[in-house]
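Pasting the sequence and the predicted coordinates here, then a few questions.
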Amino acid sequence: MRGTVLADIAPNGLRPELEHLLAKGGRTQMVYAWYPEPGRLELRYLASAAAREDFRMWRCTPEAEMPSLADLAPLLGWYEREIMDLFGLPFRGHPEPHHLVLHEGVPSAPPPFSPAAHGEALVPEGSLRHRTPVIESTEVQELPFGPVRADVFESAEFLFFYLGERIIYYQPSLFFKHRGMEKRFEGRPPAAGVVLAERVSGVGSFAHALAYCQAVEAAAECVVPPRAAALRVLLAELERLYNHLHYLGHLAGTTTLKVGEAQGKLLEERGKQINSRLTGSRFLRSLLTPGGLRRDLDPKPWLGTMLEALREDIAEYTNLLEHSESHLDRLIGTGVLEREVAFDQGATGPIDRASGVNRDLRRDHPYAAYDALDLEVPVEQAGDADARAKVRIAELGASLALMQRVLLLLPDGPVAAPVAPPPGSEGLGWVESPRGTLFYAVHIGNDGKLARVKIKSPSFSNWRCFPFTVYDTNMMDYAINEASFGLTIAGCDR
Amino acid sequence: MAFWTLFGLSQGKATTAWPARGGKDGQEGLLGMPRFDAGQCVPDCRACIDACPTAAIAESKDGSVNVDYGRCIVCQLCTEACPSGAMQPSADWAFGVRRREDLVVGTGYQPAAQARTAAFRRSLHIRHVDAGSCNGCESELRALNNPFYNLHRLGIFFTPSPRFADLLLVTGPVTNAMLEPLRATYAAMPEPRWVMAVGTCAVSGGIAEGGYACGHGLEGVLPVDLYLPGCPPNPAAIIEALLLFLGRVSQRVRGGRIGE
């Protein structure tokens, strides 16, 4: 696969290869399945070793039952369960061999991705059934919360067992919003996949579309013109800007800092209005296409001025936040994610960097025009809600500086190059989205149409880590802790 | 903390006066539904039909072009594909209607019977259900309560429980797993109760329609009293649709066209 170093590995060779990778400080990113031809299933493991070193992809033809690697690399656990649900391939020795993407109670039918399936609707019967520990004590209270939650929230169900204020067991049930987006790509021409990618996670529209376009460009060996690459950086940072501002406003809301909440959300609105004025879309949609951009933008005269005014207001706002004791008191020490857990369970983005893991795809595996730009990557060690907020505040500053630099150096020239991925080609695209690493793996079929598109979203990884910060904490901190992760559910559920 | 109070006061008023005269709607530069002028069409041209990813543009039996804005995801691909300017980019984003037919170009306009909302005219409580959206709609719904739009000033509130709600606001194409919770939420609402479909997904299924995991929006699931397509509809569009529902503004969209 272009963008990676590909190696063929037999099922029994996976474990030694993984042990070797882990011993060298590398980690796996994901595993996915696809059908190169009807009836022949293939697994692809994506791994990363060191910064500035190509990603590795292990290609493996599975046996009827595959050995699970979740004991060695826990982050693979969810991917294996997803493959069990969607492709029907069992994993031997899996620590949690239950449904994940499809809920308990779905009717038995061919797995949705198998060639035998014909899009049969899989409607689970009745309400969600939980797998819960047996609690004998009558003192322990049980609280199922969701999937319809108070206020405007995305749908998910959370189950708490608690004693007084202390949470002794917590289980999030996600995938109520599973739309089968990956399946929708299949059979479409590569250029037509962009509108789908833009709608996987609305607040990550640009990052998703960019990762998708880069995967198609990798398959086609297409080089994007410098002006388009520079504008892509600008737009990606605009997305980070409004997302991080929303995050800070929402977090202030959970610590009942009302003016802080209002100001954060007002600044977010200003960011979205800048997006709309620049591109015609508040979510930066309808602009990307494989090969570059659909049309040129002319940001120079006014954008720099508006961003500078916004920067001053953001600096004042974040300075106030960082001096509000009532706010900080609720964040410091809340929801600690240990570095080891963050690494093992696959935390990514600001969550990872707040737990002391120094990784950022923009610097470590540069794409678009990031290679030519100096990027400051903030890292914190504490792993608590405060560290997660601090990382995002620092990223806002870095992002605004980056945008001004792009505006200053914006080259002239065309914004699109022809792109035609040959039949049977494949490519990997990656983006450091506001929430962390996002991968798109794209396989082009022999008919030139999309045969398989796999999305590895940052929220899928971070939701897996989140419960580790909830066990043995208290109910009052839960909302703050959840807000401090800043996760989306649409991106996770797809 | 004292400095937050001072800071808040020093910032002055951030809220727009819109929809009152002279107020800004905050949507400068925003691209809305493409505007269709059948008179400009080139004979036997299928460019827009082939470009449309959600079959919002389709060929009718007599060979003419049918446009259904209830299926439009505002991707602008048709405006780029059109060779003759029959599909033009526009700022038409306020597409709230009472009848589904009003979103289809060329459909004759009949005023829908005004829902009996007189008692709710100045105070409406909404329960939102996310039935599988991409979270674009949620992002805009949350924006309604930012200081710029400040929905409370219009007497419209989001409520935590369906028991207190007058209007059920649904986003998303209705995934299979959300079907049951959605129906349970509706059942828990006291009468009179109404339903609003926000976003093209909720109106017709949008880009994620059908397949193994999704339905076709609210079609055949709940009776809908107010449709607002868009991908996502912006906060001003949501406000205008809510005021339309309450009879505080009149419906501007007729036969898939925004009149004044």
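Perfect, I can see it now.

what residues are up against the closest residue to chain B within the stretch 101-250 of chain A?
Residue nearest to chain B within the stretch 101-250 of chain A (C-beta to the nearest C-beta): residue A:202, separated by 2.6 Å. Backbone N, C-alpha and C define where each C-beta goes, glycine included. Neighbouring residues of residue A:202 by C-beta atoms under 8 Å, 6 or more residues apart in numbering or on different chains: A:283, A:490, B:133-139, B:232.

at 7 Å what do you get?
With contact set as C-beta atoms under 7 Å, 6 or more residues apart in numbering or on different chains, residue A:202 has these partners: A:283, A:490, B:134-136, B:139, B:232.

Next, count neighbours for the residue in chain B positioned nearest to chain A.
Of chain B, the residue with the smallest distance to chain A, taken as C-beta to the nearest C-beta, is residue B:136 at 2.6 Å. The burial metric for residue B:136, expressed as a neighbour count using other C-beta atoms under 10 Å in any protein chain shown, is 27.

I'd guessed it sits against residue A:283; true?
Yes: counting by C-beta atoms under 7 Å, residue A:283 is a contact partner of residue B:136 at 5.8 Å.

what helix or strand does the residue lying closest to residue A:264 once chain neighbours are set aside sit in?
If the residues on either side of it in the chain are set aside, residue A:264 comes closest to residue A:249, at 2.3 Å by C-beta to C-beta, 6 or more residues apart in numbering or on different chains. When secondary structure is defined using DSSP states H and E, the element that contains residue A:249 is helix A:226-254.

Quick one: distance of that helix to the chain centre.
14 Å (C-alpha atoms, centre = their mean, to the nearest Å).

List the contacts of the very next helix or strand once past it.
Past helix A:226-254, heading to the C-terminal end, the next element that is a helix or strand (DSSP H and E) is helix A:258-279. Residues from elsewhere that reach helix A:258-279 (C-beta under 7 Å, 6+ apart): A:238, A:241-242, A:245-246, A:248-249, A:252-253, A:281-282, A:284, A:287, A:297, A:299, A:303, A:306, A:310, A:313-314, A:317, A:321, A:324, A:327, B:4, B:7-8, B:14, B:26-30, B:143, B:146-148.

Any buried residues in helix A:258-279, and which?
Buried residues in helix A:258-279, counted by 16 or more other C-beta atoms under 10 Å in any protein chain shown: A:259-279.

Any residues of the stretch 1-150 of chain B in contact with chain A? List them.
Proximity of the stretch 1-150 of chain B to chain A (C-beta under 7 Å from any C-beta of the partner chain) is limited to residues B:1, B:3-4, B:7-8, B:14, B:26-31, B:53, B:73, B:75-76, B:80, B:128-130, B:132-136, B:138-139, B:141-143, B:146-148.

Close to chain B: what parts of the stretch 251-400 of chain A are there?
Taking C-beta under 7 Å from any C-beta as the criterion, the neighbours of chain B within the stretch 251-400 of chain A are A:257, A:259-260, A:262, A:265-266, A:268-269, A:273, A:276-277, A:280-283, A:286, A:294, A:320, A:324, A:326.

Look up the closest residue to the residue of the stretch 101-250 of chain A closest to chain B, ignoring the ones flanking it.
residue B:136 (2.6 Å).

Go ahead and confirm residue A:95 touches residue A:73.
No: counting by C-beta under 7 Å, residue A:95 stays clear of residue A:73, with 11.9 Å between them.

So for these two, which residue has more residues nearby?
When residue A:95 and residue A:73 are compared on other C-beta under 10 Å, the one with more neighbours turns out to be residue A:73, at 23 against 11.

The more buried one: which element?
Counting by DSSP H and E, no helix or strand carries residue A:73.

right, and it touches residue A:17 too?
No: applying C-beta under 7 Å as the test, residue A:73 and residue A:17 come out as separate, 11.2 Å apart.

Is the spatially most distant residue from the centre of chain A in a helix, a strand, or coil?
In chain A, counting by C-alpha atoms, centre = their mean, residue A:138 sits farthest out from the average C-alpha position, at 39.5 Å. Remark: residue A:138 carries the secondary structure label coil [criterion: DSSP: H, G, I helix; E, B strand; the rest coil].

And it, how far from residue A:132?
Spatial separation of residue A:138 from residue A:132 under the definition C-beta to C-beta, to the nearest Å is 16 Å.

if you average pLDDT over stretch A:281-288, what comes out?
Summarised as a single mean, pLDDT over stretch A:281-288 is 95.

now the end-to-end length of it.
Across stretch A:281-288, the straight-line distance between its terminal residues is 12 Å, by C-alpha to C-alpha, to the nearest Å.

Next: stretch A:440-457.
Between the start and the finish of stretch A:440-457 there is a gap of 9 Å, counting by C-alpha to C-alpha.

go on, stretch B:183-191?
15 Å.

How about stretch A:441-459?
17 Å.

cool, and stretch B:95-102?
Using C-alpha to C-alpha, the span of stretch B:95-102 from its first residue to its last is 9 Å.

got a list of contacts for that stretch?
Residues from elsewhere that reach stretch B:95-102 (C-beta under 7 Å, 6+ apart): B:33, B:69-70, B:103, B:107, B:109, B:112, B:225-230, B:237, B:240-241, B:244, B:251, B:253-255.

Mark which of the residues you listed are buried, thanks.
Looks like those have B:33, B:69-70, B:103, B:225-230, B:237, B:240-241, B:244, B:251, B:253 buried, using 16+ other C-beta under 10 Å.

which stretches of the stretch 301-450 of chain A form strands?
For the stretch 301-450 of chain A, the strands identified by DSSP state E, counting those that start in this stretch occupy A:426-433, A:436-444, A:450-456, in order along the chain.

Of all those, which one comes closest to chain B?
Across the strands of the stretch 301-450 of chain A, chain B has its closest neighbour in strand A:450-456 (12.4 Å, C-beta to the nearest C-beta).

Next, the angle strand A:426-433 makes with that closest one.
When axes from the mean of the first three to the mean of the last three C-alpha atoms, to 10 degrees is applied, the directions of strand A:450-456 and strand A:426-433 differ by 30 degrees.

Which residues does strand A:450-456 contact?
Among residues not part of strand A:450-456, those counted as contacts by C-beta under 7 Å, 6+ apart are A:29-30, A:32, A:34, A:182, A:185-188, A:190, A:193, A:200, A:438-445, A:494.

could you flag which of the residues you listed are buried?
With burial judged by 16+ other C-beta under 10 Å, the buried subset of these is A:29-30, A:32, A:34, A:182, A:185-186, A:188, A:190, A:193, A:200, A:438-445, A:494.
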